[in-house]
Every structure is written in C-alpha cells, then in structure tokens.
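Peer 1: I'd like to go over a predicted model; first the sequence, then the structure.
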Amino acid sequence: MDDDEDILDLLKYNLEKEGYEVKTLNGSAKVIRTAKKFCPDLIILDILLPGHNGIELCQKLRSKDRFENTYIFFLTASSNSHQQTVYEEGGDDYIEKMMGIKSLLRRIGAVLKGDFVIRKRITNIQVGNLHLDRHTNSVSFKGNIFKLSKPEFELLFFFAQNPGKDIAIDHLVHSMWGSEPYIAEANVEGYIQSLKKKFGTGIIVQRNPHRYASHF
C-alpha cells in the first residue's frame, strides 16, 4: 500500500509479472478489511500515508491473530531514522524506495519463493550455544560476549534464522542488502571470513566457492 499511484502501478505490474496475486490500495481506510478478505502472505506498507500512517497500520495488523505471522515489509522514501521503530512495531523488513523495485522483488522472492526467513522484528535468537541480541548488536557464544559490526551482525542473524539452509553468496547479497552497488559479494565473503575467525569454522560451512550453510 502506498499513496503514490505511479508506484502502486509499478509495483503491481512487476509483482504480477513474477506470478504473484496482488491487491493495491492508496490509502489506509480499507487496509485491514481488505487484508482480512484477501489473506495475503505478505503486506507492503509505506510509512507516510493519508489517515493512519504505515507504522500505526502495522500495529493494528499485528494485533489481529490472523496476521501475527504474515510478512510485513516497508517500502518507503523516509530516511532510515524510522527503521528501528518499524521493527519494534512489527515490521519484518525495511527497504528504501531509492534502492529500487528490484531490491524489493528479491526480498519478496527470498521469503515467498525461496523459503528463507527475513524477520528483522525479532530481537533475540537462541540457536544452540549462540544468542543474538539485536538491540545491542551483540552475540553470546559459549559464555563469551562478542560485539559485531552491523553487517556482520545482520549476516549472522540471517544465518541463525535459516539454519542448515544452503545459501548462495549472491542470494545473501540480494536478500540482506538488495541492490546497493557498494555491497559486493567480496564484501560479504569478507564478513563471513571474519565471523568464522571469531566463532570457529564449524558455524558457517562453505559448500563450494559460492555457497554457505550454517550449523549451530
């Protein structure tokens, strides 16, 4: 849902081209009623909307049992100063419009077609001896506390949400960061090597030169 008709038309065209069934709305009034009728697997919201803003709508949707596990992504022109609030109020991912439609399509494809989990509203994950806390970007592993850079933390968080899944390096780039030109596969390879040095080689296993899986 967006308040810009051109963006709505572009989203609808590209999503239907990918095989998705799509409903679009340019205001907040009918969102919950339409969502109840349509039963979507994923909802896309903007922050700035006529009536209730996107964050308020997200809160209302999350208050309904049927939408407790529905993916809610935000596609917005707002600065990333809203990002933490989006996650705290139930949003699963936050994509800036300047990153483009391709970035959004890759994230949607990751969860709806690739069966990967992207839920950044989850603040804590416990997998085996590994505990991640999004509030502090810190990791506890076998009684030791590690402070990670933001990219390292997000990468480990993604692996922790998708344990045992075989993940291609280009998929990691697109699922986590979209299409930003400054995030290259070589950067992600570097983050992986840094994590392996900190936590041991058994946590993230290289399947072949371009694929990885996690074991916790």
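Peer 2: Done, it's in.
Peer 1: separation between Y212 and P151?
Peer 2: To P151, Y212 is 15 Å away according to C-beta to C-beta, to the nearest Å. (Each C-beta comes from the backbone N, C-alpha and C, glycine too.)
Peer 1: quick one: which of the two has more around it?
Peer 2: Y212 (22 against 16; other C-beta atoms under 10 Å).
Peer 1: need the contact list for that one.
Peer 2: Counting by C-beta atoms under 8 Å, 6 or more residues apart in numbering, Y212 makes contact with 159, 166-167, 169, 172, 192, 204-206.
Peer 1: Look at D9 and say how many residues are nearby.
Peer 2: 12.
Peer 1: Which helix or which strand is home to the nearest residue to it once chain neighbours are set aside?
Peer 2: Leaving aside its chain neighbours, D9 sits nearest to T24 (8.0 Å; criterion: C-beta to C-beta, 6 or more residues apart in numbering). Following DSSP states H and E, one finds T24 outside all helices and strands.
Peer 1: counting contacts, what elements does the helix-or-strand element of the chain with minimal mean pLDDT pack onto?
Peer 2: Ranked by mean pLDDT, DSSP states H and E, the weakest helix or strand in the chain is helix 169-177, scoring a mean of 77. With contacts taken as 3 or more C-beta pairs under 8 Å, 6 or more residues apart in numbering; DSSP states H and E, helix 169-177 sits against helix 101-112, helix 150-161, helix 185-199, strand 211-214.
Peer 1: can you put those in TSV and add distance to Y20 and mean pLDDT?
Peer 2: Below are the helices and strands packed on helix 169-177 laid out as TSV (distance: least, C-beta to C-beta, whole Å; pLDDT from 0 to 100):
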stretch	distance to Y20	mean pLDDT
helix 101-112	7	87
helix 150-161	22	90
helix 185-199	27	89
strand 211-214	27	88
